[in-house]
Every structure is written in C-alpha cells, then in structure tokens.
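1. Sequence below, structure please.
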Amino acid sequence: MAELIVIPGEKPKQEAARKPDAALVQLKKRAREQMVARGAGVPEAPTERVSKWRSLLNYGGVTPQELVVFTRQFATMIDAGLPLLQSLNVQARRNRNPYFRERLMGVVRLVRGGARLSVAMKKYPEVFDGLYTSMIAAGEAGGVMDRVLLRTANYLEAAGRLRRQVKVALVYPTAILCVAIVVTALLLLKVVPVFDHMFGQFGEDLPMETQLVLQLSQVAQRYALTGMGLLIVLAAALFFLYRGDRGRLFIDGMILRIPLFGDIATKVAVARFCRTLGTLLGAGVGILTSLEICSKTAGNRVIEEAVMRARKGIQSGRSVAGPIRAAGVFPDMVAQMIAVGEATGALEPMLEKLADFYDTEVESAVEALVSLLEPALMIFLGVTIGSLLIAMYMPVFMMANAVGGG
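-> Here you go, the predicted model:
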C-alpha cells in the first residue's frame, strides 16, 4: 500500500492541476528529503562513480585527528537520542575527506543491509583498526555505545598527544642535522673545488689541514653517486629486513638498547600498552582479546612478543601481573601497580594512572634529550663548517702575510 505523504503549505488542487509537472517535481523532492532524514535514502550512485577519483586526490588517508572528531561527534549524536543509522548517515554525508566519506558510506550501506556496526567497520581496517572495532562491539553488547565512543575518542586523543610530543620535539634536532649534512656536502662538492683550482695556480706548498680538506673534496666528488647508491641499497635492505619477522625483532631489539632513545622507546610502548589495555577493559572487552589487541598496537616487535607471552600465561590460569613481570620488558613498577589493581579490583583505573605517569615520563625524557642534542648539534655544525672554511682560507692568509712581509 502506498504511503500518503502530506506536504504542508502545498498549493490548492486546482492550481496544481494546471501545473502537474511542477507539482510532481516538488512532491518527489519533499519525499526524498523525508527519506534521507529517516536514513532510508542516500544517493549512492555519485559516490560509486567518483570514488576512484576521490581516492586518487586523497594522499593521507584518514588522519588520527579526523577519526577523533568523527568519533566524538558520533558519540554526541547517539547520546542525543538519534538512531545509529541516521547518525552515521549524517556523519558520512558531511565529512569533507573524500577517502573517509567513501568508507563511511560503505559502512552505512552494510548497516542498512542488516550488518552490525562493528562487523561493517571491520570491512575497512585501513580506517578502523582492531581496537576501534572491538570497542564498538563491546558497546553494542552492553548497550552503552555513547559511552564507549567517548572512551574511544579520549583514548585516540591521548595516543595522538603522545605521538605529537615525540615528533614535535625531534623536529628541531633533525632539521639541524639535515642542514649540517647539506651544507657540508655543498662545501665539499661546490666551494672547495674552486679553491683547489685557485691553489693549483700558486705553486706553493699548502698547509696539511688544507690538503686534507682538498683530498676529502676529491673523494666526495669521485664517489658521491656511489655513496648515494650504497645508501639507497642499505635503506632498501633495512626496509625489507624490517618486513620479516626475525629482522623486525632484531631491529626493534636494537632500538630498545640505544642509549637515551631506547629508554624513550620503552616508555612510549609501556604508556601505549597501559592506556590501550585500560581502555579496552573499561569498555568490557575480555582480557585475552584486550591483550591480543595491545600486542598489535605496541609498535615494537619485542614488546609485542612479550605481551603475547603474558597472554599465554594468563590463558593458562595465572594472574595478569605475574606474566607481565616474567616478560622481562616492562618496568617493575608496571607489574607492581597491576598486581595492586588486581588485588583491589581496580585494574582499569590503575592502568589509566600508569599511562598518565608514563606519558609524563616520555615528555620529560624527550625534553631532556632535546636539551642535550640541540647544543651538541649546534657545536657540531659550527665546528664542521668552521673547520672547512679555516682550512680553505689558511693559504690565503699565508700568502697575504708573505706579500706584506716582502
């Protein structure tokens, strides 16, 4: 039976009869607006038609900040009482990232077809990882989707702050090091050869420092392309080595043993582990599933294997703190605090406190490292460039003194 759609403010029947085409167009337009408002009709053909071009125009996929904004707005709409499909539909249509919008529209189509939200999001792992979909599944099972989404948004924001702290703090030292390398290369390849040609016309003995710099410049000119090729081959070899299980385990282990940097990497991994585990447990995800997700989000293969060993211990009936302590990677304080949380029945708040503590530790360690690297790199830059310039101008000063004395 056809549904009667009442359109307020419609013109009288006699006038509509004189303009049947205009009335029919207006009727279809109003009906379509009502269907879209109910989440029952979304224009899908344009999305399919331009999806390839939109994907080509998108270079960064979905940024963490975009995922945080989507999650928080989605939680607000669910908390306000809007139906899940309508909330998701609105978020998909208003999203400005073509790559993200295309995948959200895919989730809308799957949910409209009867799939659960967590199952639909699993179809797009490049946007919604295992942690995200597990949190959504826990919210669906417990009927607390709004709270789980807010918890997920808070977790993503905290993880994003941790990444930004490390990246922003290392930008300045990295920039100084790159400038030192570029300036030194330009001096050896472009400036020093000019002096070499000029000194060759003098026919006098050059100071040892100058001869050393000239020889270094000649070697750089002769083997510059070979050196660049070797660096590319070495980078490619490390890349393919890191893709293998044993190679990644070896390289990640070396990273954890580097002075200063290894300590920061360990603290970052511990902070991520504690916050991830606390967030998942607080959402109602099982301990074994939570540990499996934590291992995949650890960011270091050594930490990942340690978490999986701890998971096997817990699976065999042991407590959480025992296998964590036996893993040999986590600091003793982590195992002790987890043991206290288990004994008091407050494991989730204890993990959140540990995550906050190690976030602060990472911030302090990064600031200390930067304060140590900045002057060291500046001294290195000054000494390197200054030594090259002095070595080049020493013969000029010697000739000036000889002419003045003569």
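
2. tell me which strands and helices the helix or strand E352 falls within is in contact with?
-> Taking DSSP states H and E as the criterion, E352 maps to helix 347-405. If contacts are counted by 3 or more Cβ pairs under 8 Å, 6 or more residues apart in numbering; DSSP states H and E, helix 347-405 sits against helix 145-186, helix 192-200, helix 208-243, helix 261-282, helix 332-344. Using the backbone N, CA and C atoms, a C-beta is placed for each residue, glycine as well.

3. can you give me the angle the longest one makes with helix 347-405?
-> I take that to be helix 145-186. 20 degrees (axes from the mean of the first three to the mean of the last three Cα atoms, to 10 degrees).

4. What average pLDDT does helix 145-186 get?
-> Averaged over helix 145-186, pLDDT sits at 84.

5. What of stretch 121-136?
-> On average, stretch 121-136 scores 89.

6. Show me how this structure divides into domains.
-> 45-128, 161-406 (automatic domain parsing).

7. Is L206 in a helix, a strand, or coil?
-> With DSSP: H, G, I helix; E, B strand; the rest coil as the basis, the three-state label of L206 is coil.

8. no no, E126
-> coil.

9. Quick one: low-confidence residue ranges for the stretch 201-350 of the chain.
-> 201-204 (pLDDT under 70).

10. switch the cut-off to 80
-> Low-confidence segments of the stretch 201-350 of the chain (pLDDT under 80): 201-206, 260, 298-299, 327-328.

11. try the stretch 1-150 of the chain
-> 1-60, 142.

12. and with 90 instead?
-> Low-confidence segments of the stretch 1-150 of the chain (pLDDT under 90): 1-65, 75, 78-82, 84, 92, 94-96, 114, 129-135, 137-150.

13. now the strands for it?
-> Applying DSSP state E, counting those that start in this stretch to the stretch 1-150 of the chain gives no strands.

14. which residues in it form helices?
-> For the stretch 1-150 of the chain, the helices defined by DSSP state H, counting those that start in this stretch occupy 13-18, 20-37, 45-57, 64-79, 84-94, 98-112, 117-122, 130-142, 145-186.

15. returning to that earlier point: export the helices and strands packed on helix 347-405 to TSV and tack on distance to G299 and mean neighbour count?
-> Shown next, in TSV, are the helices and strands packed on helix 347-405 (distance: least, Cβ to Cβ, whole Å; neighbours: other Cβ atoms under 10 Å):
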stretch	distance to G299	mean neighbour count
helix 145-186	10	16
helix 192-200	43	15
helix 208-243	13	13
helix 261-282	6	23
helix 332-344	16	16
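
16. right, and the ones you listed - which one's nearest V396?
-> Minimum separation from V396 across the helices and strands packed on helix 347-405 (Cβ to Cβ) falls at helix 192-200, 8.7 Å.

17. In CSV, list the domains of the chain along with distance to D146.
-> Shown next, in CSV, are the domains of the chain (distance: least, Cβ to Cβ, whole Å):
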stretch, distance to D146
domain 45-128, 4
domain 161-406, 12
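
18. Let me know which of those is the nearest to M145.
-> M145 lies closest to domain 45-128 among these, at 5.3 Å (Cβ to Cβ).

19. Relative to the whole chain's centre, how far out is that closest one?
-> Computed by Cα atoms, centre = their mean, to the nearest Å, the chain-centroid distance of domain 45-128 equals 19 Å.

20. Then stretch 367-386?
-> Relative to its chain's centre, stretch 367-386 lies at 28 Å (Cα atoms, centre = their mean).

21. now that stretch: mean pLDDT?
-> Computed over stretch 367-386, the average pLDDT equals 84.

22. What residues sit buried inside it?
-> By 16 or more other Cβ atoms under 10 Å, the buried positions in stretch 367-386 come out as L369, L373, L377, L381.

23. Other residues contacting that stretch?
-> Here stretch 367-386 makes contact (Cβ atoms under 8 Å, 6 or more residues apart in numbering) with 169-170, 172-173, 176-177, 179-180, 183-184, 187, 260-261, 264.

24. which of the residues you listed sit farthest apart?
-> Between any two of the contacts of stretch 367-386 (Cβ to Cβ), the greatest distance is 33.1 Å, for L187 and I264.

25. hang on, the earlier thing: may I see the buried residues of stretch 367-386 organised as a markdown table, with distance to R246 added?
-> Below are these laid out as a markdown table (distance: Cβ to Cβ, whole Å):
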| residue | distance to R246 |
| --- | --- |
| L369 | 29 |
| L373 | 32 |
| L377 | 34 |
| L381 | 38 |
